[in-house]
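Asker: Using only what follows, build the 3D model:
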Amino acid sequence: MTDWDTNSSPFAPMIGTNYILSAAELNRLKAMLVHPVNKLASLELEIGHAQATLDALLHEKQRVKSYVDAHRVLLSPVRQIPPETLAEIFVQCLPSDPPYGLRDLAKAPLLLTTICKDWRHIALTTPRLWKSLHIHLPAHLSAEACAKRVQGVIAWLERSGSSPLSISLHGMSHYPDTAPNQENLLRSVMKFSHRFENTDLSLPSSALSIFGELAPPTFPILASLRLRDLGVDNRVRGGRFTISRASQEHAAAANFALLGLLFPRMPGLHALSLQLSFGANKNPLLPCNWKHLTSLDLSSPMHPDQALDILAQVPQMCTLALTIEIYPDIPHWKEKATAYLNNLSKLRLSLTPTQSVLLESDFLFVFGCKLHCPALQSFSVSCPTLIVISKLIFVSLPLDMLEELELEIITTPEVLTECLSLIPNLTSFKFTDCAYRPQATHPIQDSHIASLTSSPSNPIPCWPRLERIQILSVNPRMHATQDAGSDSLTPAALTRFLDSRTQSPLKTCHILFRAQPSFSQMELDILRSLERNGLSLRFSYLVNSRDEQPEHDLPDMGLAPIPHTRIHGTKQISL
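Answerer: Sure, this is the predicted structure:
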């Protein structure tokens, strides 16, 4: 027997059965297995010899491979790159979001100093890698730890050589013990003020005043300035640390004086963002090169008179954000001249009503008529108060050209129906429902989504160029015992809309429901298929949670506001 096939064995019928061999059969089987057992032993011996030879060959192979690899590294193309070219590659590795360098070893430029000695040297001697920095000073930082951080900041900025600097400072406002740390940091950073190109300061008014005191006679190349009084920011967010009216007025006077001191020293300013309190009778229209500004963000509420006075001074404006007080009647300011903003492409308005009434007056219509902005492409309006906006308030703007619309308001389904028909070229729509009433009807309903859904009965849906849609339901005063209310937008209508847009430009859809939606298995299958084909989907719903967030000392703290989802709690839906 040489083929070792069990089917040709004389005992083949017994193999795999419970058959019990007789004594004669046992003897015959033992005799038959002598040759196979010897053959098996012979094969095992040969395999042992072959394995020993193979092990020796593998060992020798590893030695040769290590030898080759050690020398092949010298042939690596990256070693042939000149240091100046490698430095340019390093610069391209800098993250664009956030726009400031971070003290984070997991990100460039610090990451590049950890690879090898040569890369570290190139990174440390490339000034453009160190020309931007975000610095966060947490409240719990000791004086010793602050001193070390200041030393690190100085070393970072010194590496920037003579490059223009982008600096972001973020401190804490509600602990008096932080003042010395903030002053020490400001004094150290101001040594480089002649190279400030972009400056972002989020500090309490006391620290901002120190910044003004330390300011040089001129900021020769400063192009962008953002000042944020964290005391104002804390009050806006309903912080735990209240500030008396007297303190507020004192801070307002200090801020007003600060701007009067700084503006004349900034001849090249093009972008200005202020989140400061100016008090009841202060106008931020101080000596400044207003006519050269291309970006302006004023977060402090102002009278329409003030807003129009400022807009008359900024003909080159491209990006504009204002917080305006609104009134149930239209006073004499309607006689103001029209502001011609031919380059304005992005407009963001925050409305602060002076009375809790339905916003049905022609206030914003008249205000919009005072703005001539034919190039407007992005418009945002927010009114996070009890005011219900019951009619479309921005019809005076050039809606045909509008591509991005963001609404953070309490409104009605009828208003959104108007939006669908009046803005044909929209590519991005973001709606945040700020209804304070738990049982309020959601303004976005199935009928709106049906208007966006391509179907035989609706072959040309509204917003055919839509790429991004985001609908958020936020109840700012919802407590754990309250019901967030129900959604008028059903999973079925949403799924039909998304499925109908497979051949359209739609790229992302983010929906935050008031309550947990119930998708059928068929709907989930459709949504999963859309995700596999590249559509970015994110569905979540509100949960009753207002847990305090622990204070962190992360490198990017202070660069972005706390999102609604962190404040009120959400749970993401797994598709």
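Asker: Beta-bridge partners for the closest residue to E406 other than its chain neighbours, please?
Answerer: Nearest non-adjacent residue to E406, counting by Cβ to Cβ, 6 or more residues apart in numbering: S380, 3.8 Å away. C-beta here means a position set from N, CA and C on the backbone, and glycine is covered the same way. Beta-bridge partners of S380, counted by DSSP bridges, are R348, E406.
Asker: Please name the residues that touch S380.
Answerer: Applying Cβ atoms under 8 Å, 6 or more residues apart in numbering to S380 gives the contacts 347-349, 404-408.
Asker: F365 versus that one, what's the distance?
Answerer: 17 Å (Cβ to Cβ, to the nearest Å).
Asker: cool, R226 as well?
Answerer: From R226 to F365 the distance is 31 Å (Cβ to Cβ).
Asker: Helices of the stretch 1-150 of the chain, residue ranges please.
Answerer: 23-72, 83-92, 117-124, 143-158 (DSSP state H, counting those that start in this stretch).
Asker: Dump these to TSV, plus mean pLDDT.
Answerer: Shown next, in TSV, are the helices of the stretch 1-150 of the chain (pLDDT from 0 to 100):
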stretch	mean pLDDT
helix 23-72	94
helix 83-92	95
helix 117-124	95
helix 143-158	93
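Asker: Could you dump these into JSON lines and include distance to K291 and mean neighbour count?
Answerer: Formatted as JSON lines, the helices of the stretch 1-150 of the chain follow (distance: least, Cβ to Cβ, whole Å; neighbours: other Cβ atoms under 10 Å):
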{"stretch": "helix 23-72", "distance to K291": "62", "mean neighbour count": "10"}
{"stretch": "helix 83-92", "distance to K291": "34", "mean neighbour count": "13"}
{"stretch": "helix 117-124", "distance to K291": "41", "mean neighbour count": "15"}
{"stretch": "helix 143-158", "distance to K291": "32", "mean neighbour count": "15"}
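Asker: got the domain boundaries for this protein?
Answerer: Recorded structural domains for the chain (assignment: automatic domain parsing) are 23-75, 408-575.
Asker: Tell me how far the closest residue to A312 other than its chain neighbours lies from E325.
Answerer: Using Cβ to Cβ, 6+ apart and skipping the chain neighbours, the partner closest in space to A312 is A339 (5.3 Å). Look at A339 and E325: by Cβ to Cβ, they are 18 Å apart.
Asker: Counting neighbours, go ahead and name the busier of those two.
Answerer: Neighbours were tallied for A339 and for E325 using other Cβ atoms under 10 Å; the higher tally belongs to A339 (21 against 16).
Asker: Need the pLDDT of the more buried one.
Answerer: Note on A339: pLDDT of 88.
Asker: Please report phi then psi for it.
Answerer: phi -90, psi 120 (degrees, to the nearest 10).
Asker: what are the bridge partners for it, then?
Answerer: L371.
Asker: before we move on, what about Q572?
Answerer: According to DSSP bridges, beta-bridge pairing links Q572 with S540.
Asker: was I right about R265 contacting A215?
Answerer: Yes. R265 is in contact with A215 according to Cβ atoms under 8 Å; the separation is 6.2 Å.
Asker: from memory E404 sits against S378, does it?
Answerer: Yes. With contacts counted by Cβ under 8 Å, E404 reaches S378, the gap being 3.9 Å.
Asker: Find the nearest non-adjacent residue to L157, please.
Answerer: Spatially, and ignoring its direct neighbours in sequence, L157 is nearest to F192 (5.1 Å; Cβ to Cβ, 6+ apart).
Asker: what number of residues lie near E418?
Answerer: E418: 13 neighbours (other Cβ under 10 Å).
Asker: In a helix, it, correct?
Answerer: Yes. Counting by DSSP: H, G, I helix; E, B strand; the rest coil, E418 falls inside a helix.
Asker: Can you tell me the closest non-neighbouring residue to it?
Answerer: L392 (4.4 Å).
Asker: Please report how far the residue nearest to A312 lies from P443.
Answerer: A339 is 31 Å from P443, by Cβ to Cβ.
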